[in-house]
Structures are given as structure tokens and as C-alpha cells.
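Trainee: fold the stuff below for me.
(one chain, ligands or ions: 1)
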Amino acid sequence: MIVDVLIAGAGGAGYPAAFRLDKAGLKVVMADPKGELGGNCLYQGCVPSKTLRELAHLYVRAKKLLGFNETISFEKAQDHKDFVQETRFKQHKQELAESSVEFYKGEVEIIDNHHAVIKDEKGDVQVEYKYLILATGSEPFKPKFPGSEYCITSDDLYKYKTSIRKLPKEMVIIGGGYIALETASIMNALGTKVHVLVRSDRVLRGLDSRLVSSLLSMLDKNIDIRFNSPVIEVQKIGDKDEYKVIYSEKSEKKEISADLVMLATGRRPVYPKGTEKLGLAIGKTGIMVDETIVTSVKNIYAPGDVNGRSMFFHSAVRQSLVSAHNILAGTPIDYMDFQSVPISVFTIPSIAYVGILPEEAKRRGIDIIEASYPLSKDSRAQMYDEAEGEVRLFFERGSLRIIGGWIIGIDAPTMINEIGTAVANGLTARQMANYADQHPMSNESISYAARSIF
Ligand code: ADP
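Mentor: Below you'll find the predicted structure:
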């Protein structure tokens, strides 16, 4: 078949462009071996993990504020997670049915930069395309060590209809990124004893260190985080789910027993078979793209995790739309603002940030003024007795334009959007201070923080 646009992958980087281009009258074909829209985010990533996180948070709050002392049903929590995923799969099916996008359940294999084949269940489909959107996302990186085959990844824990439906008693998580910490926090809140083995002396590499230390000081002390503790081996004991994790600490061999071991050692881009035939420039994080999301080959776009610049669903969605707009116009008319993408770590409590933070401002030689407001003064934080943390805004000295901000504590991933909108639109401290945020919600702390410098 001859199409205007072939889209490989139906995640956040794929389907928004599909619908946009279809609406504009282009012939669009999209394929994904999952046979569902939503990508890894919906199938085994953000949506299911955040569903469990919400349930875990409910449980923590009910215990703390209402004296609730029953143990939870993990099976029921997983059932609810599956239900949310199903609801969204259905919603996407409806969107697909209302469009003219042709969708195949199968992998795309590249032949050259105008031809590909979709390995559909019912047989191969040959496609000739004008434009290709490579939206094949990423997958967990699994380092090899003796016994690494006994480790699950977050995909196994969160995937649709997962077989992990019994709450582990003791769990080891290997890694120090956001997936490791979020999962540690969720499982700890649900009642698992969690150990986190971090290879180096810090978690959340690349994040401002003040933000990281604040988070660490607020995490539940029952989460056992061991730094400078690289894993040597995982052994399976007998034929049940019992494992011994052997790691080194100060050159000494140590071990922890667990009934579940999870690897959370980063994600890597996924390239379709035959990608090498496209002659694309590939950089350190993935397929190289500029702000128009075009690759080094002018009819090929690579939004989302596959370019590794900003591996988050909401970023992928916007990059997908940027690709669609530039394809439609045939010339660059839309640009991705990578700097204003909000980033959250959904631990309990959570953190979120956007834009330029102090360490980066220093590296770039930007002189900043900080404005902050403690959540101990926030009414909603008091209602939940989650009054630790703060809102902190960073303004460029002189212009007083906001360049970044962070929230540590209650509602951080929701609240960050207001700061993100301010960063994306270059609002000033005065404009933010003059806004009457909804009372008695935590967003109020944002305008209070801005007002603190006047
Ligand atoms: P993003 O957020 O960038 O969209 P995801 O990882 O959520 O990334 O989604 C990428 C999707 O691409 C997944 O659903 C995956 O099944 C799909 N995919 C991976 N390889 C191929 C391929 N060769 N052809 C089509 N789809 C693919």
C-alpha cells in the first residue's frame, strides 16, 4: 500500500500524530505489536504504576488519619490497575474507530527510507511511505550478571494482567533512578519490606542535589536504601520464589533474602529491525533529532523515548504533535520546548520540577533569585498532615522571569503544571504573585512563594 505517513509504535509518540495527520486528510498507517494504543506507558508503565501509587497513598493516609489497620488486598489493587488499563484501551479503540487511521497489530521492519513491511498477525503488509514517524519508544535495560534472569523489571510488575498478584514480603530493587524509588515507595507503603541497592553514592543522577537530598530525607525510613552497593549475584533458593541477593559493600560481600528482585537500571531506546538502512544519526541517548523532531534524514521523524531526550509520556505526546505539524506544513513551523517539560518522581511523598534549577543555572552563568513557601503553612497539606516540603521558584535576576521551580511534597506532580505553564510562557514573579490561586488547595503555595520576594 502507498501511504503519506507510516507510524511505527502506537504510544504517546505515535498516536497523537496519527490522529492529527488523519484529521488533516493524510493517509496514515500505524502499527504496534501490542495491538493496543498507549504504548509502554499504558501497558506497563506510568498509568499502572501511578494507579498502584494512588492506592498505596490512600492506604497510608487512611492508616495515619483514620486509624485504619487492616492489611490490604494486593490482588484487588492489581485488579483495579487492570481495570484502569482496560478502560483506557477501550477509550483508544473508540478514538481509532472514529478516525480513518489504519492500525495493524505487528512490528514495523524497515526496508529503506521509503519502504517498510508490517509483520502483521495475518501476514506481511508492504508499505511505501512519504514520511516515517519512528515512535518505537524504549525498554528496560537489563545488565547481565549471574542470576540476572531471576530478576523482574517494572514491566513485569505493572503490565496488564500481570501474574504478580501476591504482595511480596521482602523485595530487593536494584537501581537508583526514578523507577527504583517510586516502586520502593509504593511497595513499602503497601506493606512490603523494601531494600534498594544503589551502585553509586547517589540516586536520581542528573537532578539538582538539593532536591534529591530533600526527597531522601522525607522518604519513609522503613525503605532500606544502601549506597555504594553493586550487585554481584542473585541466587534462587529451592523451587519457590526465594532469592538471595549478593552484593558488595566496602569490598565486603553481603547478602539479603527476598521473595522478589526487581531490576530498575534504566531504559534504552528500541529501534525497529532494519533501522540501520536509514542512515540516521544516532547519538548517546538515541536517534538524534532537533527541536522540530526531524532526524538527520528529512522525511523521518523520531518523537518520544526513541530519541532519549526527554523520556516521558507527556513529552512524547507534544513531540508527536510537533512532528505532525511539521510534516503537514512541509517546512518547520512547530518546535518542541524540551526545557518546559515537567518531571515528577512519584514517590510518597513526591517531588516535581520544571525548567532550570540552581545547579544548572550556575553552570550556565544565570544569576537567580529564589522564592519559596513552606508546605507547613499550606491548608491542604495540613488537612492531610503532610506538611513537610516546599514550593520553590527560580527567577532570573533583573527581569524576574521564572526559569524554573520545584515542589517537594503534597500534590507535587499536579502542582508543577502551573509552574510549567509559567516557565513555558516566561511569566514574571509579579504576574505569578498577582494570581489568585484556588483556596484551600496546595496551588496557593505557588502564588504565596512568588509574593514572598516583594
Ligand atoms: P513513547 O512514549 O515514546 O511513545 P513507548 O515505549 O510508550 O514510547 O511506546 C512505544 C511503542 O512502540 C510500544 O507500544 C512498542 O510496542 C512499540 N514498538 C516497538 N518496536 C516496534 C516496531 N518495530 N514496530 C512497531 N511498534 C513498535
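
Trainee: for Ala449, see how far away the residue in the stretch 151-300 of the chain positioned nearest to the ligand is.
Mentor: Using Cβ to the nearest ligand atom, the closest approach of the stretch 151-300 of the chain to the ligand is made by Pro272 at 3.4 Å. All C-beta spots, glycine's among them, are computed from the backbone N, C-alpha and C. Plainly put, Pro272 is 46 Å away from Ala449 if you go by Cβ to Cβ, to the nearest Å.

Trainee: still on that earlier bit, tell me the contacts of the residue of the stretch 151-300 of the chain closest to the ligand?
Mentor: Contacts for Pro272 (Cβ atoms under 8 Å, 6 or more residues apart in numbering) come out as 8, 107-110, 116, 134, 136.

Trainee: so which of these is the most crowded?
Mentor: Leu134 (32 neighbours; other Cβ atoms under 10 Å).

Trainee: all helices of the stretch 51-200 of the chain, in order?
Mentor: Counting by DSSP state H, counting those that start in this stretch, the stretch 51-200 of the chain has helices at residues 74-97, 154-158, 178-190.

Trainee: Lys119 against Gly106, yeah?
Mentor: Yes. At 4.5 Å, Lys119 counts as touching Gly106 under the criterion of Cβ atoms under 8 Å.

Trainee: so which of those two has more stuff around it?
Mentor: The neighbour count for Lys119 versus Gly106, taken as other Cβ under 10 Å, is higher for Gly106 (20 against 16).

Trainee: three-state assignment of Val317?
Mentor: helix (DSSP: H, G, I helix; E, B strand; the rest coil).

Trainee: that one: neighbour count?
Mentor: Neighbours around Val317, by other Cβ under 10 Å: 20.

Trainee: which residue packs closest to Gly404, ignoring adjacent ones?
Mentor: If the residues on either side of it in the chain are set aside, Gly404 comes closest to Gly355, at 3.0 Å by Cβ to Cβ, 6 or more residues apart in numbering.

Trainee: my bad, Val423
Mentor: Val423's closest residue in space is Gly355 (Cβ to Cβ, 6+ apart), at 4.1 Å.

Trainee: residues touching Glu444, list them.
Mentor: Contacts of Glu444 (Cβ under 8 Å, 6+ apart): 378-379, 437-438.

Trainee: list the contacts for the residue nearest to Val423?
Mentor: 339-340, 394, 402-405, 419-420, 423.

Trainee: how far does the host helix or strand of Ile416 sit from its chain's centre?
Mentor: For Ile416, the host element (DSSP states H and E) is helix 412-424. Its chain's C-alpha centre and that of helix 412-424 lie 16 Å apart, by Cα atoms, centre = their mean, to the nearest Å.

Trainee: tell me how far Lys50 lies from the ligand.
Mentor: In this view, Lys50 and the ligand are 14 Å apart by Cβ to the nearest ligand atom, to the nearest Å.

Trainee: which SS class is that residue?
Mentor: helix.

Trainee: got the contact list for the closest residue to it other than its chain neighbours?
Mentor: Spatially, and ignoring its direct neighbours in sequence, Lys50 is nearest to Phe346 (5.9 Å; Cβ to Cβ, 6+ apart). The contact partners of Phe346, by Cβ under 8 Å, 6+ apart, come to 49-50, 53, 178, 182, 185, 413.

Trainee: who in the stretch 51-200 of the chain is up against the ligand?
Mentor: Residues of the stretch 51-200 of the chain lying near the ligand by Cβ under 6 Å from any ligand atom: 107-108, 135-138.

Trainee: from the residues you listed, which single one is nearest Ala302?
Mentor: Using Cβ to Cβ, Ala135 comes nearest to Ala302 of these, at 7.5 Å.

Trainee: correct me if wrong: the closest one contacts Pro16.
Mentor: No. Look at Ala135 against Pro16 with Cβ under 8 Å: they stay out of range, at 9.5 Å.

Trainee: quick one: which of the two has more around it?
Mentor: Comparing Ala135 with Pro16 by neighbour count (other Cβ under 10 Å), the higher total belongs to Ala135, at 32 against 22.

Trainee: and the more buried one, what does it touch?
Mentor: 7-11, 13-14, 17, 39, 302-304, 306, 316, 320.

Trainee: if you rank these by neighbours, which is first?
Mentor: Gly304 (38 neighbours).

Trainee: give me the distance between that one and Asp112.
Mentor: Counting by Cβ to Cβ, the gap from Gly304 to Asp112 is 23 Å.

Trainee: now Met171
Mentor: Taking Cβ to Cβ, one finds Met171 at 47 Å from Asp112.

Trainee: also Val354?
Mentor: Val354 is 40 Å from Asp112, by Cβ to Cβ.

Trainee: more crowded one of those two?
Mentor: Just comparing Val354 and Asp112: by other Cβ under 10 Å the higher neighbour count belongs to Val354, 26 against 10.

Trainee: phi, psi of Leu26?
Mentor: Per-residue torsions, Leu26: phi -80, psi 160 (degrees, to the nearest 10).

Trainee: surely it is in contact with Asp4?
Mentor: Yes. Counting by Cβ under 8 Å, Asp4 is a contact partner of Leu26 at 4.0 Å.

Trainee: what's Thr295 in contact with, if anything?
Mentor: Contacts for Thr295 were tallied using Cβ under 8 Å, 6+ apart; they are 134, 278, 280-281, 287-289, 301-302.

Trainee: and it, what's its pLDDT?
Mentor: pLDDT recorded at Thr295 is 98.

Trainee: that one and Ala116, how far apart?
Mentor: Between Thr295 and Ala116 the distance is 15 Å, computed by Cβ to Cβ.

Trainee: before we move on, what about Asn307?
Mentor: As for Asn307, its distance to Ala116 is 19 Å (criterion: Cβ to Cβ).

Trainee: quick check: the residue of the stretch 101-250 of the chain found nearest the ligand vs Asp4, distance?
Mentor: In the stretch 101-250 of the chain, the residue that lies nearest the ligand is Gly137 (2.1 Å; Cβ to the nearest ligand atom). Look at Gly137 and Asp4: by Cβ to Cβ, they are 22 Å apart.

Trainee: neighbour count: those two, which is higher?
Mentor: More neighbours surround Gly137 than the other of Gly137 and Asp4, with 28 against 17 (other Cβ under 10 Å).

Trainee: secondary structure class for the nearest residue to the more buried one once chain neighbours are set aside?
Mentor: Among residues not flanking Gly137 along the chain, Asp305 sits closest, at 4.4 Å (Cβ to Cβ, 6+ apart). The three-state label given to Asp305 by three-state DSSP is helix.
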